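Participant: coords please:
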Amino acid sequence: MAKKSKDVYGAEGQSNLLTFDPDKLVLVTDETSPLYDPRVHLAVDEAMARNIDFQGVLEPIGISKNPETGETEVVFGRQRVKAARLANQWRHHRGEPPRLIPGVVWHGERRNALDAIVGENEARTADTPLGRAEKMRRHLTLGKGEDQIAVIYSCSVATVRDTLALLDSPRVVQNAVESGQITLTHAKALAKLPVAEQRTKVAELVQAGQGVKAHERSRKQAAVMGERPRVKSRKQIQAALEQAQGDYAAALRWVLGTEEGAAE
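Facilitator: The predicted model follows:
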């Protein structure tokens, strides 16, 4: 007689893991529902969809039966469902079978669903840039190409190369990237310099970014790297003006030549 999986793996318990057609799952958009999460309106993550197309959904979502409608609603895992739907559109066009989504029944009370929604997302710990780089290198040694690695990590091939390049950077550069004081883009630019100059430049970058907000840090660090500010198009400036207020809005109108009292 075949042993149960619980016994084979020495598990303490066993529960049913269900699989679902993502198109048959309900993403709650009713703001009065306890299962509502505004992130349901986020655009579909195409990088995640490519990953799912490549290897399926690896982490189960949480589902609950609506006692009034009988529909199977998503408690957590909305982005996985949306990405799986897109991946299945691609697979359908290629004549391949759809990806199903593994799910577990969430047995909590519906009024407490927000606890699960928040907990499932906030408990995640993102890998560090150096940790990702080490894993990417292992994938290379296992015979994966850069394009395959990009799909696995839901990023571009350029990001794969920049991340791998971090492994050859001096420790001081690696530490600065790990701590979020500089970006992978900075590390890539620094890699073109002699090691001694990299150490000097990274110290300048860290100093420039201390005690300022993100936008100001970006501007100051760009100056350290000798980068020329990117010129925005008129369309981009007009879009920024729609969100701007006060002196900043007045400055944007001046740039566009539409400020009050402009010369006719």
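Participant: only C-alpha atoms from now on, for both contacts and neighbour counts.
Facilitator: OK.
Participant: next, count neighbours for Arg138.
Facilitator: Using other C-alpha atoms under 10 Å, Arg138 is surrounded by 12 other residues.
Participant: over to Ile52: give its phi and psi.
Facilitator: When quoted as degrees, to the nearest 10, the phi and psi of Ile52 stand at phi -70, psi -40.
Participant: could you count how many residues lie near it?
Facilitator: For Ile52, the number of neighbouring residues by other C-alpha under 10 Å comes to 25.
Participant: how about Ala191?
Facilitator: Ala191 is flanked by 19 other residues according to other C-alpha under 10 Å.
Participant: ok, now the one 4 residues further on?
Facilitator: Applying other C-alpha under 10 Å, we find 14 residues neighbouring Val195.
Participant: Arg161 versus that one, what's the distance?
Facilitator: The span separating Val195 from Arg161 equals 19 Å under the rule C-alpha to C-alpha, to the nearest Å.
Participant: and Leu25, how far is that from Val118?
Facilitator: From Leu25 across to Val118, the span is 20 Å (C-alpha to C-alpha).
Participant: neighbour count: those two, which is higher?
Facilitator: Of the pair Leu25 and Val118, Leu25 is the one with more neighbours under other C-alpha under 10 Å, namely 17 against 12.
Participant: doesn't Ile117 make contact with Pro34?
Facilitator: No. Taking C-alpha atoms under 8 Å as the contact criterion, Pro34 and Ile117 are not neighbours in contact, 10.1 Å apart.
Participant: tell me which of the two has more neighbours.
Facilitator: Neighbours were counted for Pro34 and for Ile117 using other C-alpha under 10 Å; Ile117 has more, 19 against 15.
Participant: ok, for that one, nearest residue in space, not its chain neighbours?
Facilitator: Nearest in space to Ile117, with sequence neighbours left out and distances taken as C-alpha to C-alpha, 6 or more residues apart in numbering, is Phe76 at 5.5 Å.
Participant: torsion angles phi and psi at the one you found?
Facilitator: phi -140, psi 150.
Participant: tell me which other helices or strands the helix or strand Ile237 falls within touches.
Facilitator: Secondary structure assigned from DSSP states H and E places Ile237 in helix 234-243. In this structure, helix 234-243 packs against helix 246-256, with contacts taken as 3 or more C-alpha pairs under 8 Å, 6 or more residues apart in numbering; DSSP states H and E.
Participant: what angle separates the helix it packs on from helix 234-243?
Facilitator: With axes from the mean of the first three to the mean of the last three C-alpha atoms, to 10 degrees defining the directions, helix 246-256 sits at 160 degrees from helix 234-243.
Participant: please spell out which residues along helix 246-256 are buried.
Facilitator: For helix 246-256, burial by neighbour count (16 or more other C-alpha atoms under 10 Å) applies to Ala249, Ala250, Ala251, Leu252, Arg253.
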